[in-house]
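Enquirer: Just the structure for this:
(one chain, ligands or ions: 1)
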Amino acid sequence: MRATTITLTGAGGQIGYALLFRIAAGEMLGPERPVRLRLLEIPAGMRAAEGAALELQDCAFPLLSDVEISDDPRTAFDGCEIALLVGARPRGPGMERAELLAANAGIFGPQGAALGDVADDAVRVVTVGNPANTNALIAQSSAPDIPPERFTALTRLDHNRAVGQLAAALGANPRDIDGVIVWGNHSATQYPDVSHATVAGRPLIDALAERRGGVDAAIAWLDAEFVPRVARRGAEIIEVRGSSSIASAAHATVEHVRSDVLGGFRTSAAVVSHGEYGVPEGLICSFPVTSDGSGYRVVSDLGVDERSRRLIDASVDELVAEREAVRSLGILP
Ligand code: NAI
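Expert: Presented below is the predicted three-dimensional model:
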């Protein structure tokens, strides 16, 4: 089988290091598909990327046909079929939100333009680097010849965190939990929603009510514990581990691409809005999605109750504010 060209930015960083070996082992695209890896770094990260490439060689992965490292986006994205945009500028001490958005626009704008110029016609792009949704929007706006639907941002980690919390609360296997949705922004405003979720085929809210002594108590637990814990899980990991989420972020990236490219069950991903659920058009917002292998599509026919509407709107408002901030900096039209 022909090798698929995957470009990873930030390949010398922590998530890059966790991700590369799983891709090369065939976990992202399956055990039949060879991969060609292109690693993009800034000059300061090149040695770390080179070191990772040496270790990839030492693993002698049968599916890994080639590894190239570059600090030039046009070289690294040449012929790219799957782009994993992980490298980003972290928030420095005292940095304002506008400065963070501008610094990242300086990365994701040129990378989007390079993708538009040199990537494969069928390229699919996932943004992991934060602020992920707005970085994806900037990259997408810089590549007008690539259909906007091909740009996605990672909220699969939030989705998996939600499933993990529910499995623990219900004493269930994560495999039996279905239909969880993460809405909105990959930030503390996100809304993990269980109103359409099931556990072993039964409404999850019923199972939760049984455990917590009624529907009101179940909803109180969702509002007071579940939603904030999932939304702030990243901060909790930093506090406990002394470092941000790495292996779980890499795992979610593997699963995000896998479900997109190979198809699968309903999950959550940030994709471009065409106005579904009243989300303003053009925003890259997390929705319930499915894919038949040809790319994520929003599942657009689910009912939204009043509580969910309020929580979705709060996160969407933040996405609108980020887009406005980027526009006012002259970065987006
Ligand atoms: P890290 O700091 O260890 O690595 C980032 C790497 O990107 C560095 O090696 C850096 O040199 C490189 N880089 C910076 N600018 C670049 C550019 N213009 N081109 C290519 N490479 C560039 O960070 P880590 O832990 O790997 O995280 C990466 C990003 O992922 C961060 O923005 C983090 O906030 C985000 N993240 C997103 C999650 C999500 O669920 N969407 C979850 C966890 C992290």
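Enquirer: tell me how far the ends of stretch 64-76 are from each other?
Expert: 17 Å (C-alpha to C-alpha, to the nearest Å).
Enquirer: er, stretch 125-143 actually
Expert: 11 Å.
Enquirer: Same question for stretch 150-164.
Expert: Terminal residues of stretch 150-164 are spaced 28 Å apart (C-alpha to C-alpha).
Enquirer: Going by neighbour count, list what's buried in that stretch.
Expert: For stretch 150-164, burial by neighbour count (16 or more other C-beta atoms under 10 Å) applies to 150-163. Placement of C-beta: from N, CA and C, glycine included.
Enquirer: For it, give the mean pLDDT please.
Expert: Averaging pLDDT along stretch 150-164 gives 98.
Enquirer: count of neighbours near the closest residue to L137 other than its chain neighbours?
Expert: The spatial neighbour of L137 that comes closest, neighbours along the chain excluded (C-beta to C-beta, 6 or more residues apart in numbering), is I284 at 4.8 Å. Using other C-beta atoms under 10 Å, I284 is surrounded by 31 other residues.
Enquirer: Go ahead and confirm I284 touches A139.
Expert: No: I284 lies out of contact with A139 (C-beta atoms under 8 Å); the separation is 9.5 Å.
Enquirer: Need the overlap of contacts for the two.
Expert: Shared contacts of I284 and A139 (C-beta atoms under 8 Å, 6 or more residues apart in numbering): F151.
Enquirer: and the closest residue to the ligand within the stretch 1-150 of the chain, what pLDDT?
Expert: Residue nearest to the ligand within the stretch 1-150 of the chain: G13 (1.9 Å; C-beta to the nearest ligand atom). Looking at G13, its pLDDT is 98.
Enquirer: what's the spacing between it and A52?
Expert: The gap separating G13 from A52 is 10 Å, by C-beta to C-beta, to the nearest Å.
Enquirer: contacting residues for the residue of the stretch 201-333 of the chain found nearest the ligand?
Expert: The minimum distance from the stretch 201-333 of the chain to the ligand, using C-beta to the nearest ligand atom, falls at A249 (3.7 Å). By C-beta under 8 Å, 6+ apart, the contact list for A249 reads 15, 18, 128, 154, 157.
Enquirer: swap the cut-off to 6 Å and go again
Expert: 15, 157 (C-beta atoms under 6 Å, 6 or more residues apart in numbering).
Enquirer: Which of the three states applies to it?
Expert: Here A249 is recorded as helix under DSSP: H, G, I helix; E, B strand; the rest coil.
Enquirer: Local confidence estimate at it?
Expert: Each residue has a pLDDT score; the one for A249 is 98.
Enquirer: element containing I6?
Expert: Assignment of secondary structure by DSSP states H and E places I6 within strand 4-9.
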